[in-house]
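Chemist: make a model of this:
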Amino acid sequence: MFYARVVGNVVSTIKYKGLNGKKLQIIQPVNLSTGKDIGRPIVAADTTDAGVGEYVGYEDGMEATWPFEGNDTPSDATIVSIIETVNIYNKQ
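Modeler: Residues are numbered from 1 along each chain as shown. As a prediction, the model looks like this:
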C-alpha cells in the first residue's frame with residue numbers, strides 16, 4: 001500500500017460502467033514518515049468516500065482493480081483506506 005493526501009477531485013459524467021458511482025480523486029503521494037510530497041499528483045478511483053485534505057492508502061497497478069466487482073474495471077490507482085492516525089516509533 002502507498003500513502004497520499006487527497007488534494008482535489010475530478011468530475012466525469014461519462015465513465016466506464018465499472019466506475020459508475022465511484023468518485024475520482026486527485027491524490028498527492030506522500031512519505032508518512034516525513035510528511036513530504038513524493039512525485040506528482042495522480043488520479044485515483046475512490047472506494048472509501050475520502051474528502052479533500054484526508055490522508056489515504058492506495059494501491060496501484062493490478063492491485064488497483066481488486067476492490068471492484070469483476071476483473072474488467074480499469075484503474076491505475078484506487079483509494080482503499082482513509083488514514084486516521086499514524087504512529088511512528090524510532091528505535092534507539
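Chemist: other residues contacting the strand ranked longest in the chain?
Modeler: Assignment by DSSP state E gives strand 2-10 as the longest strand of the chain. With C-beta atoms under 8 Å, 6 or more residues apart in numbering as the test, strand 2-10 has contacts from 23-32, 41-44, 50-60, 79, 83. (Each C-beta comes from the backbone N, C-alpha and C, glycine too.)
Chemist: show me the shaky parts of this structure.
Modeler: For the chain, applying pLDDT under 70 flags the ranges 70-72, 90-92.
Chemist: hang on, residue 37 packs against residue 27?
Modeler: No. The pair residue 37 / residue 27 is not scored as a contact, 10.7 Å apart, by C-beta atoms under 8 Å.
Chemist: quick one, which of the two is more surrounded?
Modeler: residue 27 (25 against 14; other C-beta atoms under 10 Å).
Chemist: so what pairs up with the most centrally placed residue in the chain in the strands?
Modeler: Residue closest to the average C-alpha location in the chain (C-alpha atoms, centre = their mean): residue 79, at 2.9 Å. Under DSSP bridges, the beta-bridge partners of residue 79 are residue 46, residue 58.
Chemist: how about residue 8?
Modeler: Bridge pairing for residue 8 - DSSP bridges - gives residue 26.
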